[in-house]
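# Pasting the sequence and the predicted model now:
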Amino acid sequence: MDLLRLGWVFAIAGAAVGLFELYHFSDGYLPRQWLPIALWAGLPLPLAAWLGGKLVRSHPAQRILTMGLGMALALGLFGLWDVTLGPGKNESLNGLVVITIPAYQIALLAPTLMALWLIRRREVSASASDGPTGPGGGRA
């Protein structure tokens, strides 16, 4: 399986986990608050996968993107486990998972996207300097 496709699988699974958390812990939210919170809970991983897909050209960059998306998915799954089955099971804090986990995912994915941008920038500048040269090492 291509690494970008695996990254998209992680992104879609992360969005599903975020939206499941919203559905499961939505007792304290009003219906008018659902759309912004649904976007906040479900959008970080697909948005990072889309932006990362635009920046990726090389195989190492694909590995970095897939690793970042996988770690963000693992963070979302940990948050879901923590409030449903784990030691952090506390009814008063369950709704905060919908708010805090996407913030941590964004904090994890922002440096990943920055690294991809730097790799892309280096690749573009390297390909621009590899042009044909004329006699004596100068440009033709």
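Ah, there it is.

# contacts and neighbour counts: CA atoms only from here.
Will do.

# Can you tell me the centre-most residue of the chain?
Centroid-nearest residue in the chain, with Cα atoms, centre = their mean: Leu45, separated by 3.7 Å.

# right, and that one touches Ala15 too?
Yes. Using Cα atoms under 8 Å, Leu45 is in contact with Ala15, at 6.5 Å.

# buried stuff in the top helix by length along the chain?
Ordering each helix of the chain by length in residues (DSSP state H) puts helix 97-129 first. Residues 97-99, 101-102, 105-106, 108-109, 112-113, 115-117, 119-120 are the ones in helix 97-129 that count as buried (16 or more other Cα atoms under 10 Å).

# Likewise for stretch 78-87?
Those would be Gly79, Leu80, Asp82, Val83, Thr84, for stretch 78-87 by 16+ other Cα under 10 Å.

# give me the number of residues near Ala48?
23 (other Cα atoms under 10 Å).

# Would you double-check that it falls in a helix?
Yes. With DSSP: H, G, I helix; E, B strand; the rest coil as the criterion, Ala48 is part of a helix.

# okay but it is in contact with Leu109, surely?
Yes. At 6.9 Å, Ala48 counts as touching Leu109 under the criterion of Cα under 8 Å.

# what's the overlap in contacts for these two?
Leu69 (Cα atoms under 8 Å, 6 or more residues apart in numbering).

# quick one: the helices in this protein?
According to DSSP H, the helices that the chain contains are 3-24, 34-42, 44-55, 59-84, 97-129.
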